[in-house]
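Undergrad: Sequence first, then the predicted structure:
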Amino acid sequence: MSEVDLRVNFAGISLKNPIVGASGTFGYGKLYEQFYDLSIIGGFVTKGLSLKPRPGNPIPRICETPAGMLNAIGLQNIGLEKFINRKLAGLESVDTAVIVNFFGETVDEYVQMAVKLDKLDGVSGLEINISCPNVTKGGASFGTDIDTTGEVVSLCREATSKPLIVKLSPNVTDITRFARVCQDNGADGLSVINTLTGTAIDIAARKPVLANITGGLSGPAIKPVALRMVYECYRAVSIPIFGIGGISFARDVVEFIMAGASAVQVGTMNFVNPHILPELVSDLPELLASLKVNSVKEIVGAAHHD
Amino acid sequence: MSEVDLRVNFAGISLKNPIVGASGTFGYGKLYEQFYDLSIIGGFVTKGLSLKPRPGNPIPRICETPAGMLNAIGLQNIGLEKFINRKLAGLESVDTAVIVNFFGETVDEYVQMAVKLDKLDGVSGLEINISCPNVTKGGASFGTDIDTTGEVVSLCREATSKPLIVKLSPNVTDITRFARVCQDNGADGLSVINTLTGTAIDIAARKPVLANITGGLSGPAIKPVALRMVYECYRAVSIPIFGIGGISFARDVVEFIMAGASAVQVGTMNFVNPHILPELVSDLPELLASLKVNSVKEIVGAAHHD
Amino acid sequence: MNCKVLENRTIARGFNHLSLAPDKPLGPIIPGQFVMIRVRESMDPLLRRPMSVAGFKPDGSSFGLVIQRIGRGTEILASLAAGDRVDVIGPFGAGFPEPPGAAGELWIVAGGSGVAPFVGMLQPATRPVCRTRVFLGARNSGFLLCADHLSDGADVFLTATEDGSAGVKGVVTDLVERELANGYAPAMIFACGPAPMMRALEKSVSGRDVRLCVSLENRMACGFGACLGCVTKLKTEQRYVAVCRKGPVFDASTIQI
Amino acid sequence: MNCKVLENRTIARGFNHLSLAPDKPLGPIIPGQFVMIRVRESMDPLLRRPMSVAGFKPDGSSFGLVIQRIGRGTEILASLAAGDRVDVIGPFGAGFPEPPGAAGELWIVAGGSGVAPFVGMLQPATRPVCRTRVFLGARNSGFLLCADHLSDGADVFLTATEDGSAGVKGVVTDLVERELANGYAPAMIFACGPAPMMRALEKSVSGRDVRLCVSLENRMACGFGACLGCVTKLKTEQRYVAVCRKGPVFDASTIQI
Ligand SMILES: Cc1cc2nc3c(=O)[nH]c(=O)nc-3n(C[C@H](O)[C@H](O)[C@H](O)COP(=O)(O)OP(=O)(O)OC[C@H]3O[C@@H](n4cnc5c(N)ncnc54)[C@H](O)[C@@H]3O)c2cc1C
Ligand SMILES: Cc1cc2nc3c(=O)[nH]c(=O)nc-3n(C[C@H](O)[C@H](O)[C@H](O)COP(=O)(O)OP(=O)(O)OC[C@H]3O[C@@H](n4cnc5c(N)ncnc54)[C@H](O)[C@@H]3O)c2cc1C
Ligand SMILES: Cc1cc2nc3c(=O)[nH]c(=O)nc-3n(C[C@H](O)[C@H](O)[C@H](O)COP(=O)(O)O)c2cc1C
Ligand SMILES: Cc1cc2nc3c(=O)[nH]c(=O)nc-3n(C[C@H](O)[C@H](O)[C@H](O)COP(=O)(O)O)c2cc1C
Ligand code: FES
Ligand code: FES
């Protein structure tokens, strides 16, 4: 069992195992040190960062749904500068991959972020979040417009030599078009998926529960949709994919890997069980051994070979 | 409490209450007579019918997921002729709205169906299912192509004077574009939503669980997405909307109505609790009374008024 | 249908016997019929689990289930305690056909939780009038489920275990082959168990004048014909039929096992 | 942290008191801290429920919860029986600040399940050194939760009920107003209860030299600072802070109640 090789080289980022904490559910990492040693896990992705700090949305911001939750945090974050000065330094001693998730309100802000992040030693890779409102295009999401997606990726690509991962929105008719555009414009990897847009109504107050009206649906409820999109993207591109959406058990990790993910990110279930990442890291070898699998690498996309 | 008015006129179809059985979960109606008198419910939508009988997909066709299920039945149905001869006659004595869900593999088949259905007395309305493969367009779904959607609706509109409802696919970037095209081409109402495309992997067999690879996700898991799409469509069009997706409790019914639905359809939960429709019909007046609501009509879209 | 758990016994490693008392007495049950049990009042797990009725009081006041713990739903069901309540619908399905008349002989072949339908069939009140020969197979003697019950109701009772710890060493279908080779000729065979067992039986009876009826365990969402998820393919036509309504018991000559 | 349910008592209609024994003793608890309880091992309900710690053994071997049944999660928690196990994490949050020194006076104002943090605070082992005046409010005498416990630990114990069935007739904040008008001057007020109660208190103390600390009950997904769902707005800056980490107790002058 100890022989199962969990290591993954994800677009140039060495992960000691494929279990990574997802953006927006893992703070800036340190938070989870009250529960376990961060060097156990493959890595984590920071809360989405912007140039300037952002206050985020008014409350209510969250709402439980069947096997899932809605969130409309509104990208609250401390801003790049405070992250560098207050958070990144504290992570130096931690032996785990730190991936920075970032976004801008304009294409130019994305590029400025990429330029600044490119210089940071403690950062293993960048994850572009395109599921956020584009102020210059009237607030529609970058991630649902194919041309802006291509533009953002290609300009960020020029701005950094670090591994560049693009996190795709599932709220599109054909996610493979976006996957291809990212690959064609120089992305090194994809994160599939961000949250599905949803809402809930407060029937006593006769208005949406969330102050923001809509929010992002995450958690086990979305797993089948996420798996389908990973499956589709795997057929469409050759760059590696982070599988994300509702992962709760080691068998979910294996489902995503067989569907085509090279590694996975776990989000919502960190809230339900803050020990979930180390638990997955320790359950995975046993499960893989029982399936006669010697390494994670050998089963990436296994569900496609017939 | 008995004073709460549950009646709804849905695009010309009189429903004694807003609780309707959803297509593909209600057979051709009769099946549920072992559980209750069909005249209790507002109506039901038949399993999707085609010109010729269809055998459907190989098994496995279903798979449980967190708070939901995947199905890939493959539109198995007895064909229009057998439906008319064997099923419709038996429904004559039943005092409930019978809505026929139908589809074709080509635009022409849709129109032929509409022509034939137009003549049937026992049919209160037609529901066009556009979430099915378009053989002439290489198997891509009708429901994700805006031009074909418009064409199908406008030709069916010419073919029938019965209330014409279009059931929309949620697997699109912007469902309001489809809602508008349906309204512009003469649809009398919308059904929002059909299933979300998803998959699951059998990790022991290293292949998708479903013989069809992907399937439609339904059940409580999708409720937040369905509610959001009803909310969006209500702002985009003025024709009435059937809210569909994960409805399990009377409070879910009210959520959908406040989001903009004039009536609702219940699918998957019929499998879990075959008595659910009459239970919703009897729970609804009490819940509405507790919210100081006198009629269903008065709260349609209530979550939009601020 | 709300039921109270009367008793929950572990009958072998991984197998439990549950006795349930419905609030309103059940109507008549045909052996081979099944119920759909709600695991608990939650959206996860969402779907009911199908379980064959394993014996029942003739007045419908209680019935049994033999539950093999294979996943989350069956684990939860197997952890119910006396006094707990479960939500059950059914019985559904057509069940086994009429056994042969007094002149014929019925063979019953069961493996694993496949004993369930025969517990009811061999009860004093419902026992067939014909001679019955029961073949029960298991890994070892500890897994010969409900053996006392079945042997009480059978005229001939034969067992096979893979390790030889009880009865003949080998699989139960070898035993069936042997009895056929010995010249015994049943009018009908009723079988319930793993798919390989059923397929072996189909081969054994091919060319013989015996009607083989098998009980299928397809995945089910509803159990009453509404979802079309549980279908099986007919041998004769290019057509699927719902296992929950037309079965779960089928004449082996009509379907693809 | 796996806990065993030691006892579950109904303490008023819709309110239960649960005693839990963690497998490993809890570390020191500050009154006002809370735990996050997993309703059950299922994806529905998915999220843990936040509950204030309502009293605890100083050695950490057991602690209490006062649970008001308002929805599905609390209904399930309130149906736990002695011997059942629940999954708990925490304690989280900063809890109430140090009470005044011996010279000052502390007022405690509680309504509904808001008594919970004060059960621990007024235990013999943790009781503040200062004089404490406890104000407890409820609909009627049947809902004065944990009254014995609180009155044992308080120097002055005052109650208000809406129907006058116990103590003064009216709401608890009227009683606070009266005592202030009578010239009593607390150094600090600790409050936990419904939002209208807190807002009334804020008004009562405005302009007076008293520090009001309120415990907030915002919706929480994680309870430990990871989701940013539970935030509250600062009065001073245009900024949100996480209630689970910076609170749940706040100086009323710093946040928008
Ligand atoms: C008509 C019929 C009668 C049955 N009678 C019995 C019986 O008497 N005793 C008994 O132990 N089992 C019986 N089964 C099988 C039993 O239904 C499954 O073992 C059970 O549903 C597994 O649920 P789970 O949650 O433990 O497993 P999981 O694998 O977690 O279940 C996931 C999903 O797959 C379905 N599923 C998984 N395995 C099977 C299976 N073998 N057959 C059908 N569906 C499956 C489940 O119902 C559920 O929807 C019967 C099945 C059918 C169709
Ligand atoms: C720090 C803190 C301490 C608390 N201490 C106690 C206590 O000691 N005793 C007690 O009875 N209650 C306490 N509450 C409130 C308690 O958490 C909620 O009543 C409970 O979560 C409701 O769950 P439900 O499933 O029954 O209700 P539902 O309405 O079904 O819950 C749906 C969702 O909304 C959230 N929610 C609903 N109502 C509240 C609420 N009032 N506050 C926070 N979240 C809510 C739930 O956690 C859940 O995520 C506390 C809350 C917080 C934040
Ligand atoms: C509270 C919350 C905040 C999130 N914030 C971000 C974010 O800042 N940037 C981002 O790219 N994704 C964000 N996500 C999305 C997650 O990283 C993940 O893609 C999604 O939740 C699906 O995974 P899950 O089902 O495991 O949670 C957030 C998710 C949640 C629940
Ligand atoms: C087994 C199954 C079969 C279905 N078949 C059809 C169909 O033939 N035509 C159709 O328009 N929708 C079909 N649907 C979709 C449902 O009508 C409904 O839109 C969807 O399931 C969402 O509602 P729910 O969450 O209440 O199930 C089917 C759904 C299920 C679960
Ligand atoms: S289980 Fe639904 S049709 Fe058979
Ligand atoms: S509850 Fe998650 S940050 Fe406070």
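TA: Yes, it's here. Numbers count the residues shown, from 1 in each chain, chains lettered A, B, ... in the order given. Ligands and ions are numbered 1, 2, ... in the order given.
Undergrad: Which secondary structure state does the residue of the stretch 151-257 of chain C found nearest ligand 3 sit in?
TA: Ligand 3 sits closest to residue C:221 of the stretch 151-257 of chain C, with a gap of 24.3 Å, by Cβ to the nearest ligand atom. (Glycine included, C-beta is placed from N, CA and C.) Judged by DSSP: H, G, I helix; E, B strand; the rest coil, the three-state class of residue C:221 is coil.
Undergrad: Break down chain A into its helices, ranges please.
TA: Counting by DSSP state H, one finds helices in chain A at the ranges A:79-82, A:107-118, A:146-159, A:175-184, A:223-236, A:250-259, A:269-272, A:276-290.
Undergrad: In this structure residue A:11 contacts residue A:191, no?
TA: No. Contact between residue A:11 and residue A:191 fails when scored by Cβ atoms under 8 Å: they sit 10.6 Å apart.
Undergrad: neighbour count winner among these two?
TA: Relative neighbour count places residue A:191 above the other of residue A:11 and residue A:191, with 26 against 20, counting by other Cβ atoms under 10 Å in any protein chain shown.
Undergrad: show me what contacts residue C:182?
TA: Applying Cβ atoms under 8 Å, 6 or more residues apart in numbering or on different chains to residue C:182 gives no contacts.
Undergrad: What about residue 121, how many residues nearby?
TA: With no chain named, the answer covers chain A. Neighbourhood size, residue A:121 [other Cβ under 10 Å]: 7.
Undergrad: Hmm, no, I was thinking of chain C.
TA: Neighbour count of residue C:121, defined by other Cβ under 10 Å: 24.
Undergrad: Tell me the confidence at it?
TA: pLDDT, the model's per-residue confidence, is 91 for residue C:121.
Undergrad: Backbone dihedrals for it, please?
TA: In terms of degrees, to the nearest 10, the main-chain angles of residue C:121 are phi -60, psi -30.
Undergrad: For it, which residues are in contact?
TA: Contacts for residue C:121 (Cβ under 8 Å, 6+ apart) come out as C:31-32, C:96, C:99, C:108, C:127-128, C:153, C:190.
Undergrad: So which of those residues is the closest to residue B:92?
TA: residue C:32 (34.7 Å; Cβ to Cβ).
Undergrad: Quick one: residues contacting the closest one.
TA: By Cβ under 8 Å, 6+ apart, residue C:32 lies in contact with C:52, C:93-96, C:117, C:121, C:190, C:192, C:215, C:248-249.
Undergrad: thinking again about what came up before, quick one: closest of the helices of chain A to chain D.
TA: Chain D lies closest, by Cβ to the nearest Cβ, to one member of those: helix A:269-272, at 3.9 Å.
Undergrad: Which secondary structure elements does the closest one sit against?
TA: Judged by 3 or more Cβ pairs under 8 Å, 6 or more residues apart in numbering or on different chains; DSSP states H and E, the packing partners of helix A:269-272 are helix A:276-290.
Undergrad: Quick check: residues of chain C near ligand 5?
TA: Proximity of chain C to ligand 5 (Cβ under 6 Å from any ligand atom) is limited to residues C:220-223, C:225-230, C:242-244.
Undergrad: average model confidence for the helix or strand hosting residue C:5?
TA: For residue C:5, the host element (DSSP states H and E) is strand C:2-12. Taken as a whole, strand C:2-12 has an average pLDDT of 95.
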